[in-house]
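*Asks:* Need a 3D model of the sequence below.
(one chain, ligands or ions: 1)
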Amino acid sequence: TSFGFKEVKEEEKAEMVGNVFSNVASNYDLMNDLMSAGLHRLWKDRLVSKLNPFPGMKHLDVAGGTGDVAFRILESINRVKQRGIKRDFEDILEAETKIYVCDINPNMLNVGKQRALQKGFMEDGSLVWVEGNAESLSFQNDTMDGYTIAFGIRNVTHIEKVLSEAHRVLKRGGRFLCLELSHVGIPIFKELYDLYSFSVIPSMGEMVAGDRESYQYLVESIRRFPTQEKFASMIADAGFQKVEYENLVGGVVAIHSGVKI
Ligand code: SAM
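*Replies:* Presented below is the predicted three-dimensional model:
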């Protein structure tokens, strides 16, 4: 196309994704803020508020990177616990919460562990960092109350495998939530967004992270990702029920969700 899309072979894709995140790990959080003008924080807040976390929950955040989603889940659970104290819900307070952060890239996880230590999240053992591939998870069947993946599924080699693994590890009644850059449908806004992502983002990557190509690749991967409707049907095909999605900022990002029944 006019944007110079390349056909990327599967092995090359996996390797490229590995390189991208090894190269960007240290600049990752800064770049997120710059590229989204801070909006990714609100999008992650929205994801977690839809999840509605509860004390004692077993949750898996896949492609969890430097921990942004997991930290929000823990903060949300801590708020529920504080309300629990007021109401004297002893059982809620005693349930053992486990939030697993799974990522294929140890550099991203290491940055996350450092951040967790600084935030004081490592003390009670509720946060567990696991190196692993979303396409073949090391967790047992029917063990998780919730599963989130934020800005992660777009870059995997086989989306279907990720979805079927999500379905496998969730308990019945467990919820799947995916936050991902998606497709803008509104004319004019779409053209402006294309201009921004194809010219501003790669330049920003070059200036801030010294790596134009990685950011060029990330932008192209957004265009290759299935549309909201198509992705929703893939989630349903993996066995999820009540599949729905919410567009944020006109579809710049979408939150898809489903339940394992
Ligand atoms: N969820 C975090 C956030 O929103 O800030 C990180 C998102 S980051 C854009 C994408 C992450 O996906 C990277 O940390 C990368 O290492 C991870 N990743 C890519 N392919 C993966 C795979 N097959 N399995 C697990 N993680 C993967």
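
*Asks:* Which single residue of the stretch 51-200 of the chain ends up nearest the ligand?
*Replies:* Gly65 (2.7 Å; C-beta to the nearest ligand atom). No exception for glycine: its C-beta is placed from N, CA and C like everyone else's.

*Asks:* Tell me the secondary structure of that residue, please.
*Replies:* coil (DSSP: H, G, I helix; E, B strand; the rest coil).

*Asks:* Quick check: closest non-adjacent residue to the residue positioned nearest the centre of the chain.
*Replies:* By C-alpha atoms, centre = their mean, the chain has its centre lying nearest to Ala150, at 1.2 Å. The shortest distance from Ala150 to any non-neighbouring residue, by C-beta to C-beta, 6 or more residues apart in numbering, is to Leu179 (4.2 Å).

*Asks:* again with Lys98
*Replies:* In space, and not counting its chain neighbours, Lys98 is closest to Lys58: 5.0 Å by C-beta to C-beta, 6+ apart.

*Asks:* My read is that that neighbour contacts Asp142, right?
*Replies:* No. The pair Lys58 / Asp142 is not scored as a contact, 10.5 Å apart, by C-beta atoms under 8 Å.

*Asks:* what about those two, which has more around it?
*Replies:* Higher neighbour count among Lys58 and Asp142: Lys58, with 18 against 12, using other C-beta atoms under 10 Å.

*Asks:* how about the more buried one, phi and psi?
*Replies:* phi -110, psi 120 (degrees, to the nearest 10).

*Asks:* residues in contact with it?
*Replies:* 97-98, 100, 143-146 (C-beta atoms under 8 Å, 6 or more residues apart in numbering).

*Asks:* Pull out the buried members of these.
*Replies:* Buried by 16 or more other C-beta atoms under 10 Å: 97-98, 100, 144-146, out of the contacts of Lys58.

*Asks:* list the buried ones in the helix or strand Trp43 falls within?
*Replies:* Using DSSP states H and E, Trp43 sits in helix 39-51. By neighbour count on 16+ other C-beta under 10 Å, the buried set for helix 39-51 is 40, 43-44, 47-48, 51.

*Asks:* what pLDDT, on average, does it get?
*Replies:* Averaging pLDDT along helix 39-51 gives 97.

*Asks:* for stretch 224-244, same thing?
*Replies:* Here the average pLDDT along stretch 224-244 is 98.

*Asks:* CA atoms of the lengthiest strand in the chain as PDB?
*Replies:* As assigned by DSSP state E, the longest strand anywhere in the chain is strand 170-181. Taking C-alpha atoms only, strand 170-181 is exported to PDB below (Å, rounded to 0.1, in the frame of the first residue of the first chain):
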ATOM      1  CA  LEU A 170     -10.300 -19.200  33.000                       C
ATOM      2  CA  LYS A 171     -12.800 -20.700  35.400                       C
ATOM      3  CA  ARG A 172     -16.400 -20.900  34.400                       C
ATOM      4  CA  GLY A 173     -17.800 -17.400  35.000                       C
ATOM      5  CA  GLY A 174     -14.300 -16.000  34.400                       C
ATOM      6  CA  ARG A 175     -13.900 -12.900  32.300                       C
ATOM      7  CA  PHE A 176     -11.700 -12.100  29.300                       C
ATOM      8  CA  LEU A 177     -10.800  -8.500  28.600                       C
ATOM      9  CA  CYS A 178      -8.600  -7.200  25.900                       C
ATOM     10  CA  LEU A 179      -7.500  -3.600  25.400                       C
ATOM     11  CA  GLU A 180      -6.000  -3.000  22.000                       C
ATOM     12  CA  LEU A 181      -5.300  -0.300  19.400                       C
END
